[in-house]
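# fold the stuff below for me.
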Amino acid sequence: MPDEMTPGETPAGRVAEILARLADLRADDAPTHGGRVLSYVYDSGLAEVDDLARTAAASVQAVNGLDPTAFPSVARMEADVIAFAADLAHGEACDAQVVGLVTSGGTESCLLAVKSARDRWRAGGGTGVPTIVAPVTVHAAFHKAAHYFGLELDLVPVDEHGVVDADDVIARLTPRTAIVVVSAPCYPFAVLDPVPEIAAAASRQRIACHVDACIGGWVLPFWASSEALSPWDFRVPGVTSISLDAHKYGFAPKGASVLLFADRDAKRSAAFATTRWPGYPVVNPTMLGSRSAMSLAAAWAVIEYLGPDGFTTLTDRSRSATDTLRQCVSGITGLRVVGEPVGPLFAVTSDIAIPASDRVDPHLWADAVGERGWVLQPQPGLAQQHGPVLPRTTHLTITPVTADEIDGLTAALVAGADEVRGVAPIDLGELCTVFPSLAADDGLDASSAGALLADLGLAGDDDASPLPDQLAPVMALLDIVPHRRAEALLTELLARLNERPRSE
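You can find the predicted model right below:
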């Protein structure tokens, strides 16, 4: 419980004490500025943008987006943000006006795109269990959408470079398909999916086609000025919705995404409304009821400040840093960039074309670079059904501020690789012999999962976090544990982080 004010303590003193405690709590957080975390955070490197966002958010701290009739500023700011996003996505190419929603993030945008498509599929006479068709590389948000909304997820294998064959996707489209999803680009490997071919086939069969541009939507429009990209937005006939996150390369604080629709009725189908209770009429255009306007106001203010010219400048910085880092990795013996990535992100894997003594395991490399103060994101391998095994990789997301630290980062990438070159990847296969329950392909209750984590040395104790300092062993564990068992263990591991032991 919070400490009470002591006799003689002033409110100002109490505030200072609380803020000092907050600073202590954040001491172990990864740095959100400075470019040392190459995932999760998107730093423009402009202090004035951060200051503007904080001030704008604070100005609407008490506003509730639940009712824009009481707080009309919400609808006005949303209209401006949606219009800017629609311009980025070439909404003018559509016959009708592109409309949209501002959501809490990419996951909510993706969920609502699926919910809208499912409801319209049902209204159009669809029967049975509807499906989502998408490449294996589609974002995990669509796994969640299928789980939440009762759809089947039909995943199409990709090749070893992360590229899906458009014909393979089109062959999966059936009368049960409520929506097909393509990425611009996908997160794991930064591949731009074949949007035109798939959208055209979906249109012929009257199937919704969603483009997940959560990571690319605010950067590819400015990136494409110097590189011809295959079209992925509303210029492509058959694209019915697009998600694009303002809290990624729109440089707004977390909690701001835009979902665009080429059809007003599709937007209406994303909503929830009821008058079947004795309280106020409920109309929720998004999944939330009460909605903070803070992220919206911050996003609106950042867009107003940067405008197209500002985003172009920041994109140029991201692109310069990305080019340098890709060249750096390509020059490191034992590593290679996966495929032909698009935009300011890419994945790195081991170069298996050379002798094992010269290879660099991407997960050991990520840990070695991490010891030098840079946070890279390890990604496990994946055994696809009816497709090649996708290799374990390490992911890098590059932001404008990375350009300021490029020399230190490239030095760390090279030194980290030198440290682990020739070291065999971690192999935990024998663990399944020691702990046979690891090999079961089902879930676990909290007690059983906790016991297994304790056996693995990951349960923690009352005074320490169970999270390991190095992630390569965890990634190696995911290589051998069946998906449902691994998901249960990871759920338990993270659930325990905020569960304090009961006081005696």
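
# any low-confidence regions in the protein?
Scanning the chain for pLDDT under 70 picks out the ranges 1-5, 224-227, 459-468, 502-504.

# switch the cut-off to 80
Low-confidence segments of the chain (pLDDT under 80): 1-9, 224-228, 457-469, 500-504.

# and it, what are its domain boundaries?
Per the record's domain assignment (automatic domain parsing), the chain is made up of the domains 58-302, 431-459+468-498.

# want to try CSV for those, with distance to Ala411 and mean neighbour count as columns?
Yep, even glycine has a C-beta here, placed from its N, CA and C like the rest. What follows is those, written out as CSV (distance: least, C-beta to C-beta, whole Å; neighbours: other C-beta atoms under 10 Å):
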stretch, distance to Ala411, mean neighbour count
domain 58-302, 24, 20
domain 431-459+468-498, 21, 16
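
# what's the closest of these to Ala27?
Shortest separation from Ala27 across the domains of the chain is recorded for domain 431-459+468-498, at 15.6 Å, computed as C-beta to C-beta.

# can you get me the start-to-end distance on the closest one?
Taking C-alpha to C-alpha, to the nearest Å, the first and last residues of domain 431-459+468-498 lie 28 Å apart.

# give me the distance from it to the chain's centre.
Averaging C-alpha positions (C-alpha atoms, centre = their mean, to the nearest Å) puts domain 431-459+468-498 23 Å from its chain's average.

# longest helix anywhere in this structure?
As far as residue count goes, and with DSSP state H defining each element, the longest helix of the chain is helix 294-330.

# returning to what we had before: okay if I get the domains of the chain as TSV plus distance to Gly8?
Formatted as TSV, the domains of the chain follow (distance: least, C-beta to C-beta, whole Å):
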stretch	distance to Gly8
domain 58-302	30
domain 431-459+468-498	34
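
# among those, which is nearest Gly35?
Taking C-beta to C-beta as the criterion, Gly35 comes closest to domain 58-302 out of these, the separation being 13.4 Å.

# Asp361 is nearest to which of the domains of the chain?
Taking C-beta to C-beta, domain 431-459+468-498 is the member of the domains of the chain nearest to Asp361, at 7.4 Å.

# quick one: closest of the domains of the chain to Gly339.
Of all the domains of the chain, it is domain 58-302 that lies closest to Gly339, at 3.4 Å by C-beta to C-beta.

# what about that closest one, start to end distance?
Counting by C-alpha to C-alpha, the terminal residues of domain 58-302 are separated by 14 Å.

# the domains of the chain: which one's closest to Arg21?
Among the domains of the chain, the nearest to Arg21 by C-beta to C-beta is domain 431-459+468-498 (16.6 Å).

# residue contacts, Thr410?
With contacts defined as C-beta atoms under 8 Å, 6 or more residues apart in numbering, Thr410 is in contact with 324-325, 328.

# let me have those in a markdown table, extended by neighbour count.
Converted to a markdown table, the contacts of Thr410 look like this (neighbours: other C-beta atoms under 10 Å):
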| residue | neighbour count |
| --- | --- |
| Thr324 | 17 |
| Leu325 | 22 |
| Cys328 | 17 |
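
# and the residue nearest to Gly370 when sequence neighbours are not counted, how many neighbours?
With C-beta to C-beta, 6 or more residues apart in numbering as the measure, Leu376 is the residue that lies nearest to Gly370, at 6.7 Å, once sequence neighbours are left out. By other C-beta atoms under 10 Å, the residues close to Leu376 number 26.

# Leu376 and Gly106: what is the separation?
Counting by C-beta to C-beta, to the nearest Å, the separation of Leu376 from Gly106 is 21 Å.

# before we move on, what about Ala184?
Counting by C-beta to C-beta, the gap between Ala184 and Gly106 amounts to 12 Å.

# tell me, what's touching these two both at once?
Asp212.

# rewinding a little: ok, so of the contacts of Thr410, who is nearest Thr174?
Leu325 (41.8 Å).

# wait, that closest one sits on Leu413?
Yes. Contact between Leu325 and Leu413 holds when scored by C-beta atoms under 8 Å: they sit 7.4 Å apart.
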